[in-house]
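K.L.:
test case, fold it:
(2 chains)
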2 protein chains.
Amino acid sequence: AVSTFKLKVSWFPSKKIVLLADFKVAGVLPFSFYVQFQSLDYDNIENQLFLEEERRMSYLGFRCLEISRWVVCGWIGFLTGLIACFIDIAVEELAGFKYQVVKENIEKFTEVGGLSISLLLWAVLNAAIVMVGAIIVAYFEPIAAGSGIPQIKCYLNGIKIPRVVRLKTLVVKVCGVICSVVGGLAVGKEGPMIHSGAVVAAGVSQGRSTSLKKDFKIFEYFRRDTEKRDFVSAGAAAGVSAAFGAPVGGVLFSLEEGASFWNQMLTWRIFFASMISTFTLNFFLSIYHKNTGDLSSPGLINFGRFEGDSVAYNLYEIPLFILMGAIGGLLGALFNILNYWLTIFRIRYVHRPCLQVMEAMLVAAVTATVSFTMIYFSNDCQPLGPEHAEEYPLQLFCADGEYNSMATAFFNTPERSVRSLFHNQAGTYNPLTLGLFTLTYFFLACWTYGLAVSAGVFIPSLLIGAAWGRLFGILLAYITPNSVCLWADPGKYALIGAAAQLGGIVRMTLSLTVIMVEATGNVTYGFPIMLVLMTAKIVGDYIVEGLYDIHIKLQSVPFLHWEAPATSHWLTAREVMSSPVTCLNRIEKVGTIVDTLSNTSTKHNGFPVVVQVLGNEEPAKLCGLILRSQLIVLLKHKVFVELARSRLTHRKLQLKDFRDAYPRFPPIQSIHVSQDERECMMDLTEFMNPTPYTVPQETSLPRVFKLFRALGLRHLVVVDDENRVVGLVTRKDLARYHLGKHGLEELQLAQT
Amino acid sequence: AVSTFKLKVSWFPSKKIVLLADFKVAGVLPFSFYVQFQSLDYDNIENQLFLEEERRMSYLGFRCLEISRWVVCGWIGFLTGLIACFIDIAVEELAGFKYQVVKENIEKFTEVGGLSISLLLWAVLNAAIVMVGAIIVAYFEPIAAGSGIPQIKCYLNGIKIPRVVRLKTLVVKVCGVICSVVGGLAVGKEGPMIHSGAVVAAGVSQGRSTSLKKDFKIFEYFRRDTEKRDFVSAGAAAGVSAAFGAPVGGVLFSLEEGASFWNQMLTWRIFFASMISTFTLNFFLSIYHKNTGDLSSPGLINFGRFEGDSVAYNLYEIPLFILMGAIGGLLGALFNILNYWLTIFRIRYVHRPCLQVMEAMLVAAVTATVSFTMIYFSNDCQPLGPEHAEEYPLQLFCADGEYNSMATAFFNTPERSVRSLFHNQAGTYNPLTLGLFTLTYFFLACWTYGLAVSAGVFIPSLLIGAAWGRLFGILLAYITPNSVCLWADPGKYALIGAAAQLGGIVRMTLSLTVIMVEATGNVTYGFPIMLVLMTAKIVGDYIVEGLYDIHIKLQSVPFLHWEAPATSHWLTAREVMSSPVTCLNRIEKVGTIVDTLSNTSTKHNGFPVVVQVLGNEEPAKLCGLILRSQLIVLLKHKVFVELARSRLTHRKLQLKDFRDAYPRFPPIQSIHVSQDERECMMDLTEFMNPTPYTVPQETSLPRVFKLFRALGLRHLVVVDDENRVVGLVTRKDLARYHLGKHGLEELQLAQT
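P.N.:
Numbering: from 1, shown residues only, chains lettered A, B, ... in the order given. Presented below is the predicted three-dimensional model:
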């Protein structure tokens, strides 16, 4: 059930990161780039047993099922909110402790001299904390590295990356992200929260944990890919909702990244999960912030509420916003290209866990050093007014009653820095501080993303954008001194800049607009934010793909986009399909089946079942489709025609047997079939899908593509006009075609 | 291309408004209940000519197409915003004028006595204005009656109701809604705005107006159902966006009501149209309100911005909100049942235009009389403080410096009344006023919906809910006098009540939550509003369906829901399909085609094209599918094999010919075919869809249903395992099955 792609990576990013098969030493690739994927199947699960169960089920049964779906979504929301709350509080407390220690140390040495000791303390502290985070990721669960969003995008697209939704991944992810943020890296905790939500969903919906060997015997109906995927999309939405306090944004994120066929009830459940998640988070945070039960406290709005007059904007500011969008698109593309090169470098040279840990520690130490240097050489002193709510104001060389402004940006968790940039009054930062900060943080964030630590890119992007956006606002007010009244608030420009930068890097529009609106608690900015995100996307897309897409491409999975490439109408199923196909007879010899499954050259996942017309050399007529996993379960339980006759010894294979094996079906090598058994026959009629989707050979590629996308297919049998099998279209066959600069291109995806 | 359903309506609404064929005098049904529908086709349009065009098209061509789609969406947004702005301002000005006249009259007669003259003036004014609105609707375009949302829901579902997206409908709709609102009916202008957006979209995207006989020769590629439907969904979203200032809500409305296959680019375009629409509206309104260019003015938030402390809510209020949701659900169901009975009454007895106009006038006069009586007998006088921004404060019998509080609710446009209920300070209304107002307005609104005027039900629902919600809040504060501080603000409860009532009537959840959030400019209320809407929906659905669904069912169109009925797994395509099917040969005699098309008993829309195996009595093999409309165009242009040989006289039929005929294909009766021509042959190969979707006979109903829903099908050919046609599944075959109280039921939809 496993296909593996090797990839050749090129140093030149472009719309076509062409993946070639001649990368010599696949073994040297670090795990996360050497992906074994499995497709999720939707349609093909409908074998006879499932159908029979559904036919037996009463109206009440379906009603119960529907209610359990809601219950599961409620639990997903609740647990995701709880995890987000745990991460939030842990980061807050630990980071607070760390900054307190460093601050006291700095204050001690500011007077007596010898600040290099403070620097050392800071750097060592950071490196040590990051080391812990990097070790658990690099050694225990490499799939937990990064933000997890590319993996979730793949999952929702229909590609199952192994171990991505396991309990172990969740634990490593949560601990890892706490270490990364507390360790002072330029990272956010939002991406990992989304991934966490997805893992929670995959776990709760199955009613058991394979890792903990605990089966609650509930929700057994949901043990199939279709249902699981729906719940994972709810989990991802709940994650977004908890990360940004944006329930609607969460729903839209799930839809924008994952949905294909839109179902109203599913969307409502997703929305329910998101709402519960925000609610849970807010409730527990309100206890933590000591105003229990007050769910509308502005402190619960992620980036602080923009309110009243500060949000006013006027028609003539629209061009300025668009300009900022373009800048964001350019900077985002630059970020992506740099990160792409860095990733290639890492694939080639930094692939051993120890090296990865060392790199992470190096980055942590450098981040501390750079921050310290910037703070040290900055002489931007600001009066410490009562209205400043800085958590850790550093006085350093400033006069009494003043604080170092550079330190509010660097000496803080990134999320708090964003808040300060959005809401601190005009004049709190001077332009030089902001310029230097943007520059250094840009490179730090770029270096950090892709390290073997669990960390997201949302907050660093926002921070970079907020910094240059605020700078933009200040310069604007500087250029036109007489119209200060309207442009007085640089916080507004910080917000727009943040949106532009984030949009330029990740290239989302609809969901990101809503997330920003919800995270700032104000709907008035919807229009400018949308404009900015659109501009950033258009400008950025012209140069290079979005960050997540780059990373997905580097994993070389058969990701299906929304539509077939535009100029692919002249291609037909005949040209696209794999042919000849390995078919099985309706009553097939066990030996043949074992050989087919063991054959490494054709690692197919599904096999058409055919009826041979006797004494005829023509291709056989299609009568069904059976999956590799189903065959394996059949072999494991030795469902052979010969044995079935002695019914007393063998009970009938039930749906439960398939469900118990799901989702970790054993490999064929672990199934032992004796030489005698090889001569037995297996009757597949009872277990195959009797009505697989088929298309004639002349069907155009866009039509095939639409079938795949809308129905979530994984195999499509191509038949001739006599209903005989002539080929099989799989996800990989479609993912090969790609729209390049010179029209349609065929990628050379190679299978090992 | 037209199928007609007759219906029998029963006086007992239930989940199954069973439609039977024995309603005797179909002719007496008013037009809007006697619907001729056409299905939109998505898949089947792919005939050879279209395919050839797409194959010829270059990458640049597709690029241009994509850009034109964005341009069209921009225009849709702009024009919809403009229309909404026109309606807003017209209503504002005309209603202002009317209320000014009546107010002066009342003030004059309050002192000297003889208020009955004022009453007469008011009633006659209202009736006269409403008469105009009712006449244009009843006599010129009956389809423009009501809110238009049921029609748009049908359209997006894939059912084309004739004349629903025509220019004439738009004009009548806009004028009609202005008359209804100004005429003082208990109606809103939101539903008509949504309909207007859809009409604008259908018009702009075609690049021509058939009514005005003007063809701009642009956007010719979009002259097909698939594309047009996508644009109409953008138009509906733009309409919602303009009506409530809720762009995200608009997108979600379109998706919740219409989408089946979710496409990312389409959603972005819809969002773009929505944003442009809000922007246009806000820009022009900012000019009208004399602060040009200030797009963030709080006055542009539809129901006034909830800000600061007034929005605080606490955990222990959640159960109260849920209780309010349940009340809303009950009241909503009552509203729907009453309205259902009224509609049945209207179908039976009020079907002539003159009667409809008279009924509308009667309602207008009664509304004025009731309002006047309520105001007259109310002695709820409130001090006229500077903070009250009542437009038309009526002093009546109050002391100087005071005004009649009942009048703020009745003597105002409904939208303004909602605003007052949301935002006026505590103590502005006394409980008795609110109670009486709720009661009377409930029945007035219920009576009004379904009149032959163009009018929506959103705002009246909100108003009823806001009134009892505020009452609820006041009583709450009254019961617990010592905890006044938190429950001090009855506006909060007005908002929750409004949401509950509206949810109970229309039963939307996701989009309505977002619309309410955007229309009040505050995201904090998202969670309680969602809870309330969910509760209202669950409680309401238990009793009766939503208002729009009731009206859709009464129109007896084959509306497809999201999923197949739960217990339909035991049904297969064999049981569902229509059989035998009228098939055509690949080269068919003209006479046969004409006869097939003229045959009134089988008004099929699509015909499988088959190849007969010579000397064989078996069903023939499928080789394509051709549409009625395509056949008609072929007949009209006399594309006969015999004539084609003399090429000089006949040019080849081109795609353009199909497009020019779209969407108003002539009926078969208007095509004249001579007796000689009847003997000619037609070669359908070039024009049919060569790869129609097919399923085997054993496919289960849910799978068939999913294919229809996900791919937007209209015909699905059922074949046996030799690829021979055995049946055809159409939309009607699927819409027949319905989940009733006793399991699956088969509706008796009858064709005339």
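K.L.:
quick one, phi psi at the residue of the stretch 551-700 of chain A found nearest chain B?
P.N.:
Nearest to chain B, among the residues of the stretch 551-700 of chain A, is A:Ala566, at 3.7 Å (CB to the nearest CB). C-beta here means a position set from N, CA and C on the backbone, and glycine is covered the same way. Per-residue torsions, A:Ala566: phi -60, psi -40 (degrees, to the nearest 10).
K.L.:
and the one 4 residues further on, by the same measure?
P.N.:
Recorded main-chain torsions at A:Trp570 are phi -80, psi -10, according to degrees, to the nearest 10.
K.L.:
which secondary structure state does the closest residue to it other than its chain neighbours sit in?
P.N.:
Using CB to CB, 6 or more residues apart in numbering or on different chains and skipping the chain neighbours, the partner closest in space to A:Trp570 is B:Arg55 (4.5 Å). Recorded secondary structure, B:Arg55: helix (DSSP: H, G, I helix; E, B strand; the rest coil).
K.L.:
B:Arg55 reaches A:His569, doesn't it?
P.N.:
Yes - with contact defined as CB atoms under 8 Å, B:Arg55 counts as touching A:His569 (4.9 Å).
K.L.:
remind me which residues of chain A are low pLDDT?
P.N.:
Scanning chain A for pLDDT under 70 picks out A:1-48, A:259-262, A:297-301, A:307-311, A:385-392, A:481-488, A:600-603, A:614-619, A:644-652, A:738-752.
K.L.:
and the closest residue to chain B within the stretch 651-752 of chain A, what element?
P.N.:
For the stretch 651-752 of chain A, the residue closest to chain B is A:Ala710, as judged by CB to the nearest CB, at 3.9 Å. Assigned by DSSP states H and E, A:Ala710 belongs to helix A:701-711.
K.L.:
which strands and helices lie in contact with that helix?
P.N.:
For helix A:701-711, the packing partners by 3 or more CB pairs under 8 Å, 6 or more residues apart in numbering or on different chains; DSSP states H and E come out as helix A:573-576, strand A:694-696, strand A:715-719, helix A:731-735, helix B:701-711.
K.L.:
go again using 7 Å as the cut-off
P.N.:
helix A:573-576, strand A:715-719, helix B:701-711 (3 or more CB pairs under 7 Å, 6 or more residues apart in numbering or on different chains; DSSP states H and E).
K.L.:
would you turn these into TSV with distance to A:Leu462 and mean neighbour count?
P.N.:
Shown next, in TSV, are the helices and strands packed on helix A:701-711 (distance: least, CB to CB, whole Å; neighbours: other CB atoms under 10 Å in any protein chain shown):
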stretch	distance to A:Leu462	mean neighbour count
helix A:573-576	42	20
strand A:715-719	42	25
helix B:701-711	37	22
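K.L.:
B:Glu190: which of those is closest?
P.N.:
B:Glu190 lies closest to helix B:701-711 among those, at 28.0 Å (CB to CB).
K.L.:
neighbour count winner among B:Arg55 and A:His569?
P.N.:
Neighbour count, other CB atoms under 10 Å in any protein chain shown: between B:Arg55 and A:His569, A:His569 has more, with 23 against 13.
K.L.:
ok but the more buried one is inside a helix, no?
P.N.:
No - counting by three-state DSSP, A:His569 is not found in a helix; it is coil.
K.L.:
right, and it touches B:Arg56 too?
P.N.:
No - applying CB atoms under 7 Å as the test, A:His569 and B:Arg56 come out as separate, 8.9 Å apart.
K.L.:
so which residues make contact with the helix holding A:Ala710?
P.N.:
Contact with helix A:701-711 is made by A:42-43, A:260-261, A:560, A:562, A:564, A:568-569, A:571-573, A:576, A:693, A:695, A:713, A:716, A:729, A:734, A:737, B:261, B:691, B:706, B:710-711, as judged by CB atoms under 7 Å, 6 or more residues apart in numbering or on different chains.
K.L.:
beyond the helix or strand hosting A:Leu421, next helix or strand please.
P.N.:
Using DSSP H and E, A:Leu421 sits within helix A:414-423. Next helix or strand after helix A:414-423 toward the C-terminus (DSSP H and E): helix A:431-448.
K.L.:
packing partners of that following helix?
P.N.:
Helix A:431-448 packs on helix A:318-349, helix A:353-377, helix A:405-410, helix A:458-479, going by 3+ CB pairs under 7 Å, 6+ apart.
K.L.:
most tightly packed of the ones you listed?
P.N.:
helix A:405-410 (a mean of 27; mean count of other CB atoms under 10 Å in any protein chain shown).
K.L.:
contacts for that one next, please.
P.N.:
With CB under 7 Å, 6+ apart, helix A:405-410 has contacts from A:371, A:374-375, A:378, A:380-382, A:390, A:394, A:417, A:420, A:428-430, A:433, A:437.
K.L.:
ok, those residues vs chain B, which is closest?
P.N.:
A:Ser420 (21.8 Å).
K.L.:
grab the nearest non-local neighbour of that closest one.
P.N.:
That would be A:Thr408: by CB to CB, 6+ apart, it lies 5.3 Å from A:Ser420.
K.L.:
got a list of what A:Ser205 touches?
P.N.:
Counting by CB under 7 Å, 6+ apart, A:Ser205 has contacts A:Val72, A:Phe219, A:Phe222, A:Glu227, A:Lys228, A:Phe231.
K.L.:
most neighbours, which of these?
P.N.:
Among those, A:Phe231 has more neighbours than the rest - 27 neighbours, counting by other CB under 10 Å.
K.L.:
surely that residue touches A:Val199?
P.N.:
No - applying CB under 7 Å, one finds A:Phe231 not in contact with A:Val199, separated by 11.0 Å.
K.L.:
can the lengthiest helix in chain A be said to contact chain B?
P.N.:
Longest helix in chain A by number of residues (criterion: DSSP state H): helix A:59-112. Yes - for helix A:59-112 and chain B, the contact criterion (CB under 7 Å from any CB of the partner chain) is met by A:Tyr59, A:Phe62.
K.L.:
what do you get for stretch A:136-155?
P.N.:
No - shown here: stretch A:136-155 not in contact with chain B (CB under 7 Å from any CB), separated by at least 12.0 Å.
K.L.:
buried ones in that stretch, by neighbour count?
P.N.:
A:136-138, A:141-155 (16 or more other CB atoms under 10 Å in any protein chain shown).
K.L.:
same thing with stretch A:118-128?
P.N.:
Neighbour counts over stretch A:118-128 (16+ other CB under 10 Å) mark A:Ser118, A:Leu119, A:Leu121, A:Trp122, A:Ala123, A:Leu125, A:Asn126, A:Ala127 as buried.
K.L.:
stretch A:663-674: end-to-end distance?
P.N.:
Using CA to CA, to the nearest Å, one end of stretch A:663-674 lies 26 Å from the other.
K.L.:
actually stretch A:141-160, not the one I wrote
P.N.:
End-to-end span of stretch A:141-160 (CA to CA): 16 Å.
K.L.:
spatially central residue for chain A, please.
P.N.:
A:Ile149 (1.5 Å; CA atoms, centre = their mean).
K.L.:
follow-up on the earlier one: my guess is the residue of the stretch 551-700 of chain A closest to chain B contacts B:Phe62. True?
P.N.:
Yes - at 3.7 Å, A:Ala566 counts as touching B:Phe62 under the criterion of CB under 7 Å.
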